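>>> mind looking at a prediction? Sequence and model below.
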Amino acid sequence: MATNRTFTMIKPDAVSNGFTGAILDDIIKGGFKIVALKYIALTAATAGEFYAVHKSRPFYGDLVKFMSSGPIVAAILEKDNAVEDFRKLIGATDPAKADAGTIRNKYAKSIEANAVHGSDSDENAEIEGNFYFSAFERF
Ligand code: RTP
Ligand code: MG
């Protein structure tokens, strides 16, 4: 069943570079409503669990290290066609290939430190949102 929600994280590079406010502003201006929000630091174990789907990929170890290198902002977002529209708003994984005006084009520096995460399916949006937020933390 299609949902109207997606899950995002503002990654450590964007938080430490001071882009949290600008990115949240782009998200809201892009038509998304924030229905859950938290500012947290991931341990390597938690980052590893979240990205377990990428365990066999060559970049997994570096990704876990990067995602636990500093605080992140996690959020659940609501909009019609949320998953697809949010991936359009953030642009390609590699910021060098992200369209002008997308969040990764504006705020990311490398394929790994690429400013934001966006769920890739309705099913994963649900799983990822539940990974970070309990029922009483969501509106
Ligand atoms: P995300 O899950 O963070 O929204 O990114 P994505 O779908 O666009 O990309 P995915 O293939 O799911 O990769 C997850 C994250 O791993 C890092 N990565 N590094 N060094 C590399 O070649 C490489 N490739 C991917 C990125 O942080 C990417 O967002
Ligand atoms: Mg992905």
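Yep, that arrived. Ligands and ions are numbered 1, 2, ... in the order given.
>>> near ligand 1, which residues of the chain show up?
Within the chain, the positions adjacent to ligand 1 are 54, 59, 63, 93, 111, 112, 114, 117, 118, 120 by Cβ under 6 Å from any ligand atom. Where C-beta positions appear, they are placed from N, C-alpha and C, glycine not excepted.
>>> do that again at 8 Å, thanks
8-9, 11, 51, 53-54, 57-59, 62-63, 66-67, 87, 90, 92-94, 110-114, 116-120 (Cβ under 8 Å from any ligand atom).
>>> helix, strand or coil for the most centrally placed residue in the chain?
Of all residues in the chain, the one closest to the mean position by Cα atoms, centre = their mean is residue 117, 2.4 Å from it. What DSSP: H, G, I helix; E, B strand; the rest coil gives for residue 117 is strand.
>>> now do residue 38
Once three-state DSSP is applied, residue 38 turns out strand.
>>> how about the nearest residue to it, chain neighbours excluded?
In space, and not counting its chain neighbours, residue 38 is closest to residue 74: 5.3 Å by Cβ to Cβ, 6 or more residues apart in numbering.
>>> which residues sit in contact with that neighbour?
Residues in contact with residue 74 (Cβ atoms under 8 Å, 6 or more residues apart in numbering) are 7, 8, 9, 36, 37, 38, 40, 132, 133.
>>> ditto for residue 103
Residue 103 neighbours (Cβ under 8 Å, 6+ apart): 23, 26, 27, 89, 90, 91, 115, 116.
>>> for it, give its distance to residue 83.
Distance, residue 103 to residue 83, by Cβ to Cβ, to the nearest Å: 15 Å.
>>> buried residues in stretch 10-25?
10, 11, 12, 13, 14, 15, 19, 20, 23, 24 (16 or more other Cβ atoms under 10 Å).
>>> the second one touches residue 67, doesn't it?
Same thing as residue 11. Yes. With contact defined as Cβ atoms under 8 Å, residue 11 reaches residue 67; the gap is 6.7 Å.
>>> now the strands for this structure?
In the chain, the segments counted as strands under DSSP state E are 5-10, 33-40, 72-78, 116-118.
>>> mind checking which of those strands is nearest residue 139?
strand 33-40 (4.7 Å; Cβ to Cβ).
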